[in-house]
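1. got a predicted structure here, sequence first:
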Amino acid sequence: MESNIYNWSIPQKCQTFATMIQNAQNTRELQTRISDIMKHVFGDAFFPTGWNLKFMTKATQFYEFNAVYNFLSIKGPFFSGIFKLSSESNVTFEFPLAHFPQSTRHCFEDGNCSAFYKPKLHVPLGASVPLSLLLNPVEFFIFSFVHHLINTPYVRGMSSQVAVDSIYSALLEEYLSAFVPISGVVPMPQYAGHPWNPPSTPSSPTVTPSRKVTLFKTSILGSLTTSPSPTIGQVQQNDAWATEAFIHAVVDLWIDCKVNKDHINKTMNTSFSQDFENVAIPSIDLVRCVRIFIKHMHSFGNSPAPSGLSALASIKRFYIGFFQKELYIFLTQAVDRWPLDTSFRIVLELWLSYIQPWRYAESSDAEERCVDSKWQFFIAENLLFYTMFFWKILNRLTRMELTYPKHALMLFRVAKVFCMKDLGKMIANAENTLSHSISPRIRTPGPDTELLGIVHHHILQMEGSGYAHVFLFGHQVSNLVDQLLHSAEEAKMRIKNSHLANVPEQPKPSGGFLSKIFHYIFYEERRGGSESDEYKKAYEHLDASVHQLAALFELEVPQIDGEREPSDISAMSINGTPPRGDFSGTAMMTQVPDDQTSFGDRRPRGIVPVRRFDVAYRGNPDKAPVTSYEQPFFVKLFTAISDSLNSKFGGEILELYTAPGMKGRVARQVLAMPSQYLEMQREGTRKVYKEMYLPPRINLRPLASYSFLMVTLLLFFLFFFFLGWSSPSIFVSAALCYGIYVTIKALLNP
């Protein structure tokens, strides 16, 4: 491999790597090239960033995105080499155990690992504990791809979060569809062999995992290996070895964050924060990718299983057991430690996705806003996900400023889900098995015997013995809900008084069709997306949440006096400052030097000067908020057109801008020059500003100014009505004049 390949563009690398794979002469050469290519893609000690798959988006790197997707897709040249290499049973790759979380490494060292890993552990000569896994080519790629998400370091000038439309997210969804198929079996084109299982050697001691009492098997395929059934290697020749590898990689590298073996002894009233003191909070991109995995697993588990007794059918039947315990701890850590800001929305959506498997079933009844009775056993098997996390999240919401539109939306999302028809009834049915007298909402002769065993086993698995369950419809939660309803009503009153009281009434168009068009362009679009609209939605979300939760818990809707002043605590935001737009009780005075005030040294007491804050916009200039001299409709239109042209012709625009001669001079007069701006990003719990770079680009936004629109309209009417010019003549003349103007500027300003 050439030494200067690091300086090549990514499309050049993809083309070169595809040729190298196709021209490999033998298995050893192909294995070496596959290993080198994966180091380039996912990074190594000398080039840790790799190709930065987390940050590559189609909007910013169109050609690179398409090249990488075509190269790494299941039907691409890279996987053709991997499948070809997999046909040789003696080809293996070492995946270091150092890539796993510390708790998982301890399990490997103690021998307390799942049956999936047991034949893959590798203990080198001279070592007393395993240091790596010996994986076949497909498994090695899966583990390397999953590890890339949590291994990529921060790069200056790039976002610290995975974009929703990044190449990594696109490849993740494709690999999930291929290796964890919703319908059919795992496609393995050009694959004739079977995955290699390392033989037992004197240097590799037998690892016997300790037996644990669990509801689900630690490895479904391991459950099929009891004598005289086939061995693990024989079972993996079926349709599910790659499926289990992908699930284990995601669970053990992303979700598994257990700290110690005593975490199950905690109760709901005892925070996990002390246990997780030395564990980093999950990142937003990790939570987002885990949610993609959970949604796909629900679709996978609720799809028809292959006919006959197969490993894939067993995984579909017990898919929850692969990650239920790990996800419970993962969510507990995230909910307990996440900052009190709007970024918590991604954690909330992950939780809501898990507790709503019916949304991803083929015969989904989500449109009917009703939960079918067939989900009763799923709710019983995951009772704490419905009760404990509802309790924890409502506690968070009571500490958040509900006047913020995004905070109000979070409350609305929780209320909307839990108020689905029959969901509360099924949760109460499951709780009824714990104590028939404490949950009186559902009157039944006695607890269901089958549900009783499922619920008790679930709580024992998640929290251990001695757990004090807080009933969803008990007095403790009802009091918390009542407190939240009062906070929501006060927030509604503050929104109404501070943000909606002075909103001018929308004038109605009077006249015909042209009047309505004029009204839409010059009024509706200016109103659209405004702050008042956001607070109006927040008011509606709070109002719906209050009535839904009051009906669910059989509480009265609080009546807040319109003249009542909200309490000081509830009126303050989470950072101690008044809510945005609420200036009641605040001295609105700008701080200036004493010698420039009329008071001098005799400033009256009680007037406290307020600091002057620099509120200048320093973000992306092309995405700046609409100003008073711009028409909102045309700003959106011209910005969308500019983005589309830049994404399609970004490379040509850059070449044209940097071209020598007259062509480059003219291009530099027409195109927007490169610029830098600041973008706020989150690193853990801190907000930092990073410098971002904008390349040369097309920017049509200046055409959306009122002055340009009015001058253009007046000139058009002048030439059309008074001089009798035709419309094409006007446009051709305007284009010709603009071309002459730009050419003269290019000659004067090289």
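-> In hand now; what should we look at?
2. would you list every one of the strands in the stretch 51-200 of the chain?
-> Per DSSP state E, counting those that start in this stretch, the stretch 51-200 of the chain carries strands over the ranges 93-96, 121-122, 132-135.
3. out of the ones you listed, which is closest to Thr449?
-> Thr449 lies closest, by C-beta to C-beta, to one member of the strands of the stretch 51-200 of the chain: strand 121-122, at 41.8 Å. In this view, the C-beta of every residue, glycine as well, is placed from N, C-alpha and C.
4. could you pull up the mean pLDDT of stretch 183-192?
-> What stretch 183-192 shows for mean pLDDT is 56.
5. next structured bit after the helix or strand containing Glu450?
-> Taking DSSP states H and E as the criterion, Glu450 maps to helix 449-463. Beyond helix 449-463 on the C-terminal side, the first helix or strand identified by DSSP H and E is helix 475-498.
6. Glu630 contacts Phe708, correct?
-> No. If you go by C-beta atoms under 8 Å, Glu630 and Phe708 don't touch, sitting 9.7 Å apart.
7. could you dump the helix holding Glu450 to PDB, C-alpha only?
-> C-alpha atoms of helix 449-463 as PDB (Å, rounded to 0.1, in the frame of the first residue of the first chain):
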ATOM      1  CA  THR A 449     -50.700 -16.800  38.500                       C
ATOM      2  CA  GLU A 450     -48.700 -16.600  35.200                       C
ATOM      3  CA  LEU A 451     -48.300 -12.800  35.500                       C
ATOM      4  CA  LEU A 452     -47.300 -13.200  39.100                       C
ATOM      5  CA  GLY A 453     -44.300 -15.400  38.200                       C
ATOM      6  CA  ILE A 454     -43.300 -13.100  35.300                       C
ATOM      7  CA  VAL A 455     -43.400  -9.900  37.300                       C
ATOM      8  CA  HIS A 456     -41.600 -11.300  40.400                       C
ATOM      9  CA  HIS A 457     -38.900 -12.800  38.200                       C
ATOM     10  CA  HIS A 458     -38.500  -9.500  36.300                       C
ATOM     11  CA  ILE A 459     -38.000  -7.500  39.400                       C
ATOM     12  CA  LEU A 460     -35.600 -10.000  40.900                       C
ATOM     13  CA  GLN A 461     -33.500  -9.800  37.700                       C
ATOM     14  CA  MET A 462     -33.500  -6.000  37.400                       C
ATOM     15  CA  GLU A 463     -33.300  -4.900  41.100                       C
END
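8. what helices and strands are in contact with that helix?
-> helix 324-337, helix 376-381, helix 383-398, helix 423-432 (3 or more C-beta pairs under 8 Å, 6 or more residues apart in numbering; DSSP states H and E).
9. out of the ones you listed, nearest to Gly651?
-> Nearest of those (C-beta to C-beta): helix 324-337, 40.4 Å.
10. of Glu630 and Phe708, give the one with the bigger neighbour count.
-> Neighbours were counted for Glu630 and for Phe708 using other C-beta atoms under 10 Å; Glu630 has more, 22 against 15.
11. run through the stretch 251-400 of the chain and note the low-pLDDT ranges.
-> Scanning the stretch 251-400 of the chain for pLDDT under 70 picks out 257-280, 306-309, 363-368.
12. and the helices in it?
-> Secondary structure of the stretch 251-400 of the chain by DSSP state H, counting those that start in this stretch: the helices cover 284-301, 311-317, 324-337, 345-354, 376-381, 383-398.
13. circling back to that earlier point, lowest mean pLDDT across the strands of the stretch 51-200 of the chain, which one is that?
-> Across the strands of the stretch 51-200 of the chain, the lowest-scoring stretch is strand 121-122, with a mean of 90.
14. give the pairing partners of it; include direction for each.
-> strand 132-135 (antiparallel) (DSSP bridges).
15. what residues does the partner strand touch?
-> The contact list for strand 132-135, computed with C-beta atoms under 8 Å, 6 or more residues apart in numbering, reads 92-97, 117, 120-122, 124, 143, 196, 198, 245.
16. just the pLDDT at Cys113, thanks.
-> 86.
17. phi and psi next, for it.
-> Phi and psi for Cys113, reported as degrees, to the nearest 10, are phi -120, psi 170.
18. so it sits against Leu121, correct?
-> Yes. If you go by C-beta under 8 Å, Cys113 and Leu121 touch, sitting 7.5 Å apart.
19. would you list the helices and strands packed on helix 449-463 in CSV and tack on distance to Phe344?
-> Formatted as CSV, those follow (distance: least, C-beta to C-beta, whole Å):
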stretch, distance to Phe344
helix 324-337, 8
helix 376-381, 24
helix 383-398, 7
helix 423-432, 23
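20. mind checking how far the residue lying closest to Glu362 once chain neighbours are set aside is from Pro621?
-> Computed as C-beta to C-beta, 6 or more residues apart in numbering, the closest residue to Glu362 that is not its neighbour in sequence is Ser303, at 6.3 Å. Going from Ser303 to Pro621 by C-beta to C-beta, to the nearest Å gives 47 Å.
21. the helices and strands packed on helix 449-463: which one's closest to His147?
-> Of the helices and strands packed on helix 449-463, nearest to His147 by C-beta to C-beta is helix 324-337, at 16.4 Å.
22. ok now the closest one, how far from the chain's centre?
-> Centroid displacement of helix 324-337 relative to its chain, using C-alpha atoms, centre = their mean, to the nearest Å, is 16 Å.
23. can you add distance to Ile740 and mean neighbour count and give the helices and strands packed on helix 449-463 back as JSON lines?
-> Converted to JSON lines, these look like this (distance: least, C-beta to C-beta, whole Å; neighbours: other C-beta atoms under 10 Å):
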{"stretch": "helix 324-337", "distance to Ile740": "61", "mean neighbour count": "21"}
{"stretch": "helix 376-381", "distance to Ile740": "72", "mean neighbour count": "20"}
{"stretch": "helix 383-398", "distance to Ile740": "62", "mean neighbour count": "20"}
{"stretch": "helix 423-432", "distance to Ile740": "70", "mean neighbour count": "22"}
